[in-house]
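Engineer: generate a structure from the sequence data that follows.
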Amino acid sequence: MLAMLAGAVVVQSAQAQETCKPDQLFSVRFGQKGEAVSNVQRCLTDFGYKIQAGITGFFGTQTTGALKSFYERLTGLNVTGRIFGVTGIQAVKNIFKAQKESFTLSQKGSLYKRVSSAEELADYFERARQGYGYGAFRSVGVSVGMERAMVAPAAPSVTSGAAPMMAADAGVAQEASRVSETNVQVKGIDEPDIVKTDGKNIYLSGRQQYWIEPMPVQIMEQSISIAPGEPVPPYRRYTPSTAAIKALPPSAMEALGSISESGDLLLVKEKNMLLILRSNGVSGYDISNPKNPQKKWSSDFESRSGVVSARLWGGTLYLVTRQWSYQGGPCPIRPLTVNGKVLIIPCTDIWRPVAYLPADTTYTAMMIDSTTGTVSKTVSFVGSSSNSVVYMSPLALYITNYRPENQMTILIRFIPEKARDLYPSSVVERIEKVAGYDLSDYAKSVEIENIIESYLRSLGDDERMRIQNETQNRLSDYLKAHVREFEATTIVKVNLSDFSIAATGKIPGNLLNQFALDEHNGNLRAAVTIAGRASGLGVSESANDVYVLDGSLAIIGSVKDMGISERIYSARFVGARGYLVTFRETDPFYVLDLSDPRNPKLSGELKIPGYSSYLHPISDGRVLGVGKEGQNVKLSLFDVSDPAHPSEKAKYTLDEYWSEVLNNHRAFLLDDKHSIFFIPGSKGAYVFSFAGDSLSLTKTLSKYQTKRALYLDDYLYIVSDNSISVFDERTWEKAGELTL
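Structural biologist: Here you go, the predicted structure:
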């Protein structure tokens, strides 16, 4: 239970009814005993880093493991975990300070408020649907292309591939001592994928099971005609399925059982539960006996609902859904039905933005018991379905919404601030008066356009031409200076301690994907593209920024204007560093120093051909980039040991146009022990060695629709659409194969 409450200021230890005292932390080391050790153990436990024996007051191997994980996740340091010193003490204090600052929302300056009634929410959605108007400056020859429905730069989508289905029986499974996990962003927080393993069995989802039966009459009537006496042709039908396969020993792989549902999977190993995220809901299966999985619970989404993202941590499923609004009844909302019981969220439990912004969706984040499907806590708020990103740390869940800002408010300011000398005071006063009306932006736009047109028609041709040209030039310069006001991303932070909205914030631009966000020492780092959305107004150059936000989601530091005229293709934050790739014609690889959150800096950059759309730290001072150069998949090994002078130590270009890793990090596998990594391609599987600062192709497997790889002990399992092939990583000899 404590794992679900990481970072809580008031969480109590299960063993001792006391909490972490950050002001009474002292340096302790392996082998030490006493109250100082007990206090460190309480802090680690409260943050979700389990110590199996509990609060013992003895600094042993279990405390060492918890402390090592704490340093790696929250401070970015790779240490032994045998000493808790000044760095750890300061990290704990920073986290507690951030938690206290953001534990409750401050009403002053808050971007969200509680909905008071169904009428209020219906009115909000109606006004949000009216959109923005920008016609006011057409009279001066400016063509404005800023529509409410403009689309943010596409973030790489996460796609599920097909996974195999099998039937039959099996023997008793062995268990591996070294087991790979799904490649996730935050260590210990699992993400859904089509392949999971518990060290004994492999669970595969997504492949369709086909069987043949006579063609139904209605199908025959619609598609073919059959002469009298001719046999009825067979009809191919299918059902989705998930399979369990005995993995060890590799030479004796065999199918165990199957489930007639498919989707992305989450595996709760300690509870023998397999969760299947279907397109229309979530199911939980007891796989204690993989030959005969038993459905324990099922939830179904409401017809207007769908899943946005999910995480598994501490045995709890964290699910984020969205429900599209409709006229007449936006609340209460009913995101899903669990075991026949409808989850109802009343209007007064929904938050909506204070300002009237484009909105078409109500998001609901929920905590679900993985063994029963019971929803224990929920948070719901209004947003837009455009380019939402979900990121989760051990302390909080972050959900973002991209939104075009109300450019009308920017345009209205222009004439009073920069063109007052071009128009009579009466015209300026009328514009300012209209700006203060309680009208939609579109209505204001029409009124202001009429005011400007009326004045211009009163002028002679020569004077009208002068005013139009002056206005256009000044407006272009004005908008370039305000480019970061044209689009924004709102962020809602949900504390895992009490699962309530802890803070809301806003940053300019838009996020590429979940890797553009990262929490470190209580602060949130965000990498955004300022996309130059005002192209119709003369603003066409994009830019890229990194912002640091404190626990209350207030911006406290930034690095701006990286990759002018480019956009972010990949981002990765590792401890006190940030790595960024932007692209247009070359691949600028940026290294950022984020050690001082209030004064982040650009340390160095490297320009090379192509781009990287996925970045993965593979060792100290080395980052792997997976992307493209020209039409081919390209791998780059970056040396970042000197952050001021990053270099490309090695590169490899594949005879492949595409790899799923380009837009789905879960398809990537790293095996540190053997210094190798796996990526799938359209032609087959590729295993590379990164030993000795080089990239060498160690193993290839020509299999159609290669999906994933995993390792058990020293065996690498490569899963394709029609087989599982196993190789001994010590010799790269084939150790087994199963045809699907």
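Engineer: identify the residue spatially nearest to the residue nearest the centre of the chain, adjacent ones excluded.
Structural biologist: Geometric centre of the chain, nearest residue: residue 514, 2.8 Å, by C-alpha atoms, centre = their mean. Nearest non-adjacent residue to residue 514, counting by C-beta to C-beta, 6 or more residues apart in numbering: residue 391, 4.8 Å away. Glycine gets a C-beta too; all of them are placed from N, C-alpha and C.
Engineer: which residues sit in contact with that neighbour?
Structural biologist: Residues near residue 391 by C-beta atoms under 8 Å, 6 or more residues apart in numbering: 185, 397-398, 400, 514, 517-519.
Engineer: what about it, is that helix, strand or coil?
Structural biologist: Assigned state for residue 391: strand (three-state reduction, DSSP: H, G, I helix; E, B strand; the rest coil).
Engineer: ok, now which ones touch the residue nearest to the centre of the chain?
Structural biologist: By C-beta under 8 Å, 6+ apart, the neighbours of residue 514 are 185, 309, 389-391.
Engineer: quick one: it and residue 308, what's the gap?
Structural biologist: From residue 514 over to residue 308 the distance is 11 Å, taken as C-beta to C-beta, to the nearest Å.
Engineer: quick one: list the elements packing against the helix or strand hosting residue 452.
Structural biologist: Secondary structure assigned from DSSP states H and E places residue 452 in helix 441-457. The contact analysis (3 or more C-beta pairs under 8 Å, 6 or more residues apart in numbering; DSSP states H and E) places helix 441-457 against helix 407-418, helix 425-435, helix 461-481.
Engineer: just to revisit the earlier point, need the contacts of residue 514 in JSON lines (columns: distance to residue 110).
Structural biologist: Formatted as JSON lines, the contacts of residue 514 follow (distance: C-beta to C-beta, whole Å):
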{"residue": "185", "distance to residue 110": "28"}
{"residue": "309", "distance to residue 110": "24"}
{"residue": "389", "distance to residue 110": "21"}
{"residue": "390", "distance to residue 110": "21"}
{"residue": "391", "distance to residue 110": "21"}
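Engineer: which one of those has the most neighbours?
Structural biologist: residue 391 (25 neighbours; other C-beta atoms under 10 Å).
Engineer: how far off centre is stretch 474-490?
Structural biologist: Computed by C-alpha atoms, centre = their mean, to the nearest Å, the chain-centroid distance of stretch 474-490 equals 27 Å.
Engineer: looking at the helices and strands packed on helix 441-457, spot the one closest to residue 358.
Structural biologist: Distance to residue 358, taken as C-beta to C-beta, is lowest for helix 407-418 among those, at 12.0 Å.
Engineer: and that closest one, average pLDDT?
Structural biologist: Helix 407-418 carries an average pLDDT of 76.
Engineer: helices and strands around it, which ones?
Structural biologist: Right, helix 407-418 is packed against helix 425-435, helix 441-457, helix 461-481 by 3+ C-beta pairs under 8 Å, 6+ apart.
Engineer: and among these, the most buried is which?
Structural biologist: Ranked by mean neighbour count under mean count of other C-beta atoms under 10 Å, the helices and strands packed on helix 407-418 are led by helix 441-457, which reaches a mean of 18.
Engineer: just the C-alphas of the helix holding residue 452, formatted as PDB.
Structural biologist: Taking C-alpha atoms only, helix 441-457 is exported to PDB below (Å, rounded to 0.1, in the frame of the first residue of the first chain):
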ATOM      1  CA  ASP A 441     -14.100  36.100 -29.300                       C
ATOM      2  CA  TYR A 442     -15.700  35.600 -32.700                       C
ATOM      3  CA  ALA A 443     -18.200  38.300 -32.000                       C
ATOM      4  CA  LYS A 444     -15.500  40.600 -30.800                       C
ATOM      5  CA  SER A 445     -13.500  39.900 -33.900                       C
ATOM      6  CA  VAL A 446     -16.400  40.800 -36.200                       C
ATOM      7  CA  GLU A 447     -17.100  44.000 -34.300                       C
ATOM      8  CA  ILE A 448     -13.500  45.200 -34.400                       C
ATOM      9  CA  GLU A 449     -13.200  44.300 -38.000                       C
ATOM     10  CA  ASN A 450     -16.200  46.500 -38.700                       C
ATOM     11  CA  ILE A 451     -14.600  49.400 -36.800                       C
ATOM     12  CA  ILE A 452     -11.400  49.100 -38.700                       C
ATOM     13  CA  GLU A 453     -13.100  48.700 -42.100                       C
ATOM     14  CA  SER A 454     -15.400  51.700 -41.500                       C
ATOM     15  CA  TYR A 455     -12.400  53.900 -40.700                       C
ATOM     16  CA  LEU A 456     -10.300  52.700 -43.700                       C
ATOM     17  CA  ARG A 457     -13.200  53.300 -46.100                       C
END
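Engineer: what angle sits between it and helix 407-418?
Structural biologist: When axes from the mean of the first three to the mean of the last three C-alpha atoms, to 10 degrees is applied, the directions of helix 441-457 and helix 407-418 differ by 40 degrees.
Engineer: state the mean pLDDT of helix 441-457.
Structural biologist: pLDDT averaged over helix 441-457 gives 82.
Engineer: and if you look at stretch 83-96?
Structural biologist: 84.
Engineer: tell me the buried residues in it?
Structural biologist: 83-84, 88-89, 91-92, 94-96 (16 or more other C-beta atoms under 10 Å).
Engineer: distance to residue 580 for those - can I get that in JSON lines?
Structural biologist: As requested, the buried residues of stretch 83-96 are arranged in JSON lines below (distance: C-beta to C-beta, whole Å):
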{"residue": "83", "distance to residue 580": "33"}
{"residue": "84", "distance to residue 580": "33"}
{"residue": "88", "distance to residue 580": "28"}
{"residue": "89", "distance to residue 580": "31"}
{"residue": "91", "distance to residue 580": "24"}
{"residue": "92", "distance to residue 580": "29"}
{"residue": "94", "distance to residue 580": "24"}
{"residue": "95", "distance to residue 580": "25"}
{"residue": "96", "distance to residue 580": "30"}
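Engineer: flag every buried residue along the helix or strand hosting residue 556.
Structural biologist: Assigned by DSSP H and E, residue 556 belongs to strand 555-562. Across strand 555-562, burial judged by 16+ other C-beta under 10 Å covers 557-559, 562.
Engineer: for that strand, name the packing helices and strands.
Structural biologist: Right, strand 555-562 is packed against strand 543-549, strand 586-593, strand 601-609 by 3+ C-beta pairs under 8 Å, 6+ apart.
Engineer: what pairs with the helix or strand following it, parallel or antiparallel?
Structural biologist: Sequence-wise, the next helix or strand downstream of strand 555-562 (DSSP H and E) is strand 567-574. Each strand paired with strand 567-574, and its direction, by DSSP bridges: strand 577-583 (antiparallel).
Engineer: so which of the helices and strands packed on helix 407-418 gets nearest residue 286?
Structural biologist: Among these, if distance is taken as C-beta to C-beta, the winner is helix 441-457, at 54.2 Å.
Engineer: now the closest one, how far from the centre of its chain.
Structural biologist: That offset, for helix 441-457, works out to 42 Å (C-alpha atoms, centre = their mean).
Engineer: report the angle between that helix and helix 461-481.
Structural biologist: Using the same axes, to 10 degrees: helix 441-457 against helix 461-481 is 140 degrees.
Engineer: quick check: angle from helix 441-457 to helix 425-435?
Structural biologist: 170 degrees.
Engineer: next, count neighbours for residue 601.
Structural biologist: Around residue 601 there are 13 residues (other C-beta under 10 Å).
Engineer: you'd agree it is up against residue 590?
Structural biologist: No. At 10.9 Å, residue 601 does not count as touching residue 590 under the criterion of C-beta atoms under 8 Å.
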